[in-house]
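Participant: this is the structure alone, sequence omitted:
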């Protein structure tokens, strides 16, 4: 149940990102399946590729006091856009989109926690 709920929250975050920021859009004719597929790919990339990117960029990440993580997040969004119906206007748009997506996900995670849907036990 937690996986499906996390997938739906990520899909909602991606959809809200496309509504808020014009640099990231879904292709015309994209349906709910395309949004769910993009969220699934985002989860897979975050689980498999993002840790490798963070490990490889560790020296520059230390020099920038963690700010290079924003570039890694933009690269993850760029990768997801390259294999799904998500369209990103460029790497700058991916960078801004990744920041907005992080804020949207943070807010949605807070709402899930407030509603008691995050799976935390008392």
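Facilitator: Looks like it arrived, so ask away. Note that the structure is predicted; figures quoted are calculated from it, not measured. Numbering: from 1, shown residues only.

Participant: what about the strands in this protein?
Facilitator: 24-26, 86-88 (DSSP state E).

Participant: sort out which residues of the last one are buried, please.
Facilitator: For strand 86-88, the neighbour count (16 or more other CB atoms under 10 Å) marks 86, 88 as buried. For every residue, glycine as well, the C-beta is placed using N, CA and C.

Participant: which strands and helices sit next to it?
Facilitator: Packing partners of strand 86-88 (3 or more CB pairs under 8 Å, 6 or more residues apart in numbering; DSSP states H and E): strand 24-26, helix 68-83.

Participant: mind putting these into a markdown table with distance to residue 116 and mean pLDDT?
Facilitator: A markdown table is the format used below for the helices and strands packed on strand 86-88 (distance: least, CB to CB, whole Å; pLDDT from 0 to 100):
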| stretch | distance to residue 116 | mean pLDDT |
| --- | --- | --- |
| strand 24-26 | 31 | 96 |
| helix 68-83 | 28 | 96 |
